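>>> fold the following, please.
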Amino acid sequence: MKKTLALLLTLLLLTACFPLGAFAVNEDVEGTVGIYSSMYQFVIDMMDEAIKKEFPNLTPAYDGSFFFYGGTSSLITKVYGEMETGTLGCDMMLVAEPALSLELKEAGYLEPVEIEDADSLLRFPYDEEGYWYPVRVCNMVLAYNPDMVDDWAAKGVNIPKTFKDFATDPSLKGYISMGNPMTSGTTFAAVASLTQDDHYGEDFLKGLAANGVMIESGSTAITKLQTGECAAIMILEESILKVLKEAEDAGTPITNVACIYPEDGVVLIPSTVMTVAEEHSANVNTEACEAVERWLLSEEAQKLILEGYMHSVFAGMEEYPHNSVPTEELIEKDFGVDWDNAYHNREAINTAWTEIVTAK
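As a prediction, the model looks like this:
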């Protein structure tokens, strides 16, 4: 009887310490993995912690972290340099725009991974051979300061309702700001989309130049919105949502910054995950990479994406980032990006940007 009672108490203690599912971690996944990523650092930190719990015997490649951070365009430059040696400095990539995925697949640098029922799981396109899948969705929007609408109107400045207005309304001259597509992958994707022949073409760039667009970081642009130096900015939705949520959490909610979901459309950017082919990878550990890639398309990982103020790639996922709008509504008004065009005409798009906008 005493032995039975002791055994029962032991089981109860184990259950308390290790809830159901706690033993389901991938303890058999071993080795070293490194991931190039353009996700914001706070999202990387969340992902790092979660991967370490899910894969306790997996070794981070970069000073205790699985992630090496860089803007997508900067990472692309890094990858190009490493391709000259035939070996990349990573085993996986989580970058902002799928054009690189098309390029690396064509170059033979990727390893296909099978995701079960991917067609029903995902609401965004993926490579049917398994070379890349969307993991998170960034959303390029406009933003303004609701507290200063009347002040701007008194100056004859119109708050734009569309991307077209943002670039071409002369009342906004000297009062608009955006990121740099030469360093930011999401900004490059947005510029690639808005300058497509079936959208606004080079007139969009010419309008930006005529309106004297300022090329700045998101944090600088948001500050200028709040101080009244800018009337409108082109920025990732997640940057605005993060500022709003952090103010709420601090008990000091703000009203001097808000998203504009342009009436002519938003630009959704389904950012991809890729596993590097074994012969080109840093740590020759594709089996572990495949396990991590599948985990990134799990419900747990997608919840972290939402906490990072990005949208989930899951079909039927009704949750969306705090202070945002339903993902399906955004999909209905998505401008869309011709990723094949973004890949094959990357240099031409960058040249047009440089010659028209930055050489103004």
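>>> all strands of this protein, in order?
With DSSP state E, the ranges of strands along the chain come out as 31-33, 35-37, 58-60, 67-69, 92-95, 110-111, 133-144, 176-178, 214-215, 232-236, 258-260, 267-276, 311-312.
>>> can you list the weak-confidence ranges in the protein?
Counting by pLDDT under 70, the chain shows low-confidence ranges at 1-24, 360.
>>> and the strands of the chain: which comes nearest Ile331?
Nearest to Ile331, of all these, is strand 267-276, at 6.8 Å by C-beta to C-beta. No exception for glycine: its C-beta is placed from N, CA and C like everyone else's.
>>> which elements pack onto that closest one?
Secondary-structure packing of strand 267-276 (3 or more C-beta pairs under 8 Å, 6 or more residues apart in numbering; DSSP states H and E): strand 92-95, helix 99-106, strand 110-111, strand 133-144, helix 185-194, helix 286-296.
>>> quick revisit: got the strands of the chain as CSV, with distance to Met46 and mean neighbour count columns?
Shown next, in CSV, are these (distance: least, C-beta to C-beta, whole Å; neighbours: other C-beta atoms under 10 Å):
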stretch, distance to Met46, mean neighbour count
strand 31-33, 17, 20
strand 35-37, 12, 28
strand 58-60, 14, 18
strand 67-69, 11, 20
strand 92-95, 13, 27
strand 110-111, 26, 22
strand 133-144, 12, 24
strand 176-178, 27, 24
strand 214-215, 30, 18
strand 232-236, 17, 27
strand 258-260, 23, 20
strand 267-276, 16, 27
strand 311-312, 15, 28
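>>> closest one to Asp45 among these?
With C-beta to C-beta as the criterion, Asp45 lies closest to strand 67-69 of these, at 8.9 Å.
>>> just the endpoints, please. Distance across stretch 259-266?
Start-to-end span of stretch 259-266 (C-alpha to C-alpha, to the nearest Å) is 11 Å.
>>> now swap in stretch 196-208 and tell me
Taking C-alpha to C-alpha, stretch 196-208 runs 15 Å from one end to the other.
>>> related to what we said a few turns ago, a markdown table for the strands of the chain, including distance to Trp295?
Putting the strands of the chain into a markdown table (distance: least, C-beta to C-beta, whole Å) gives the following:
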| stretch | distance to Trp295 |
| --- | --- |
| strand 31-33 | 11 |
| strand 35-37 | 12 |
| strand 58-60 | 11 |
| strand 67-69 | 14 |
| strand 92-95 | 11 |
| strand 110-111 | 16 |
| strand 133-144 | 10 |
| strand 176-178 | 34 |
| strand 214-215 | 37 |
| strand 232-236 | 25 |
| strand 258-260 | 31 |
| strand 267-276 | 10 |
| strand 311-312 | 15 |
